[in-house]
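[1] Only the shape, not the letters, is given here:
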């Protein structure tokens, strides 16, 4: 049961925004995600996927730091924070 719930959370997090939040629209969007990424070859991953970290910017008019500027994050960190 736990793997099913984790997979459901993954698909909800990774999906593109649905046209509406009606059950059918959300179900269509979540069902598209696993097929889109699950069968990628290593070459396709290198060609089509991008890993990155968020940079500094503005939120509600206030400056926010980049990922490497956050507390408890190493300035040399290679941890990705963005996924297509």
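    Perfect, thanks for sending it. Just so it is clear, the model here is predicted, and its values are computed rather than measured.
[2] what's the burial count for the closest residue in space to residue 76 that isn't next to it in sequence?
    In space, and not counting its chain neighbours, residue 76 is closest to residue 68: 7.9 Å by Cβ to Cβ, 6 or more residues apart in numbering. For glycine as for every other residue, the C-beta is placed from the backbone atoms N, C-alpha and C. The number of residues packed near residue 68 is 17, by other Cβ atoms under 10 Å.
[3] Residue 68: what's it in contact with?
    The neighbours of residue 68, taking Cβ atoms under 8 Å, 6 or more residues apart in numbering as the test, are 53, 74-77.
[4] Kindly provide the distance from it to residue 8.
    Applying Cβ to Cβ, to the nearest Å, the value for residue 68 to residue 8 is 32 Å.
[5] quick revisit: mind putting the contacts of residue 68 in CSV, pLDDT, neighbour count and distance to residue 24 included?
    What follows is the contacts of residue 68, written out as CSV (pLDDT from 0 to 100; neighbours: other Cβ atoms under 10 Å; distance: Cβ to Cβ, whole Å):
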residue, pLDDT, neighbour count, distance to residue 24
53, 87, 14, 36
74, 93, 8, 44
75, 92, 6, 46
76, 93, 6, 46
77, 92, 12, 41
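[6] and of those, the nearest to residue 29?
    Taking Cβ to Cβ as the measure, residue 29 sits nearest to residue 53 out of the contacts of residue 68, at 26.2 Å.
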